[in-house]
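**Q** show me how the following folds:
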Amino acid sequence: MVNFFQKLGLGLKKTSAKLTGGISDIFTKQKVDSQTLNDLQDVLIAADMGVKASAKIIETFGKRRLNKDISEAEIRSELAADIEQILTPCEKGFVIDNHKKPCIILMIGVNGAGKTTTIGKLAAKLKNAQSGHKPQISFIAGDTFRAAAVEQLSVWGERNGIRVFKGSDGCDAAGLCYDGIQEALRQNDDIVFIDTAGRLQNKTGLMDELKKITRVIQKIIPEAPHQTLLTIDATTGQNALDQVKTFREICPVDGLIVTKLDGSAKGGILVAIAEESPLPVYFIGVGEGIDDLDSFSARDYAQNLLSL
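**A** Residues are numbered from 1 along each chain as shown. The predicted structure follows:
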């Protein structure tokens, strides 16, 4: 059976091929000179690591290795270690506070990022955990503008025995969330996932809607939402970094879930995000199955980026 580390390696294959191929193309001599450093930085930028993170990595690497003998394998190993150092502050385990019942998790992200699918996968993982308390979970289908999102959430609910609270198409999302949380309290739910719309092209409207949802649910549970998780699509490259910055302007973001890393040539974007908008990265996704969503490991990610 293929484990998640192997799946991650397969998912990052295009990115790692771009990185390792670029290193092979420029490394034609035994010593690292200033031109080699410039070329290496260009390779990192081309892999969507961003100018800031790439410059930092090459500066650190250059201080150690400028005008010194080095092999191609050593370059890859040392770059992986430098990348891991940038990613490590983002490696934090996702924890549900059992004292907060129900724990309200607000899921945000642009349409198409995989937000609704991620809700289904994450809920299934929590519900089917091998040890400990099996939580009672419900979904609130708060993306009332997309019938497909409601249908998709309903499929995940049916598949995993999770109740889905939904309204009519185009109904008021905040009102739906209010009623859904009231129902969750009646049903004694442990965890409630709220799906939301992701119409980032209408930033003001989205901001107003998320603020209204928060305001309404706080009438019932003053400290809610207990977690606000932003889902980011890795295939969007540098645009993903812009999304992180924009959503942080709209509402508080507690952590990230990065999806669609399978087959993306833009896997370096996670390094750019870690450098410029450091937030916990709770999970990464490398496929459609439940087991294709797993906790983020800085070391595993960095090693796979450089095919180690």
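**Q** in stretch 125-135, which residues are buried?
**A** Within stretch 125-135, the residues that count as buried by 16 or more other Cβ atoms under 10 Å are 125, 126, 127, 135. (C-beta placed from N, C-alpha, C; glycine too.)
**Q** where does this structure dip in pLDDT?
**A** 1-2, 28-29, 130-131, 201 (pLDDT under 70).
**Q** what are the boundaries of the helices in the chain?
**A** Shown for the chain, the helices assigned by DSSP state H span residues 4-11, 13-26, 34-46, 51-65, 72-87, 115-127, 147-160, 173-186, 203-217, 238-250, 269-276, 298-305.
**Q** and these, which is most packed in?
**A** Relative to the other members of the helices of the chain, helix 269-276 carries the highest mean neighbour count by mean count of other Cβ atoms under 10 Å, namely a mean of 26.
**Q** what's that one in contact with?
**A** By Cβ atoms under 8 Å, 6 or more residues apart in numbering, the list of residues contacting helix 269-276 from outside reads 48-50, 52-53, 56, 83, 86-87, 89-90, 232, 234, 236-238, 240-241, 244-245, 256, 258, 279, 281, 284, 301, 305.
**Q** any idea how many residues pack against residue 260?
**A** Other residues lying near residue 260 total 23 when counted by other Cβ atoms under 10 Å.
**Q** what distance do you get for it to residue 168?
**A** In this structure, residue 260 and residue 168 are separated by 31 Å, where distance is defined by Cβ to Cβ, to the nearest Å.
**Q** pull the contacting residues for residue 83.
**A** With contacts defined as Cβ under 8 Å, 6+ apart, residue 83 is in contact with 49, 57, 271, 302, 305, 306.
**Q** export those residues to TSV and append columns for distance to residue 144.
**A** What follows is the contacts of residue 83, written out as TSV (distance: Cβ to Cβ, whole Å):
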residue	distance to residue 144
49	37
57	43
271	36
302	40
305	39
306	44
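**Q** of these, closest to residue 34?
**A** The shortest separation between residue 34 and any of the contacts of residue 83 is 15.6 Å, and it belongs to residue 57 (by Cβ to Cβ).
**Q** surely the closest one meets residue 80?
**A** No. With contact taken as Cβ atoms under 8 Å, residue 57 and residue 80 are classed as non-touching, separated by 10.2 Å.
**Q** before we move on, the earlier item: take the buried residues of stretch 125-135 and write them to TSV, including distance to residue 39.
**A** Listed next are the buried residues of stretch 125-135 as TSV, based on distance: Cβ to Cβ, whole Å:
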residue	distance to residue 39
125	42
126	45
127	49
135	51
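**Q** okay if I get the helices of the chain as JSON lines plus distance to residue 226?
**A** Written out in JSON lines, the entries for these read as follows (distance: least, Cβ to Cβ, whole Å):
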{"stretch": "helix 4-11", "distance to residue 226": "27"}
{"stretch": "helix 13-26", "distance to residue 226": "34"}
{"stretch": "helix 34-46", "distance to residue 226": "37"}
{"stretch": "helix 51-65", "distance to residue 226": "31"}
{"stretch": "helix 72-87", "distance to residue 226": "25"}
{"stretch": "helix 115-127", "distance to residue 226": "14"}
{"stretch": "helix 147-160", "distance to residue 226": "20"}
{"stretch": "helix 173-186", "distance to residue 226": "12"}
{"stretch": "helix 203-217", "distance to residue 226": "10"}
{"stretch": "helix 238-250", "distance to residue 226": "18"}
{"stretch": "helix 269-276", "distance to residue 226": "23"}
{"stretch": "helix 298-305", "distance to residue 226": "25"}
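**Q** identify the residue spatially nearest to residue 196, adjacent ones excluded.
**A** By the measure of Cβ to Cβ, 6 or more residues apart in numbering, the closest residue to residue 196 outside its immediate chain neighbours is residue 142, 4.9 Å from it.
**Q** between the helices of the chain, which one is closest to residue 97.
**A** helix 115-127 (12.9 Å).
**Q** give me the contact list for the closest one.
**A** Under the contact criterion Cβ under 8 Å, 6+ apart, helix 115-127 has outside partners 96, 107-109, 134-135, 137, 139, 143, 149, 152-153, 155-157, 159-162, 191, 193, 195-196, 198, 231, 257, 259, 283, 285, 288, 290, 292-293.
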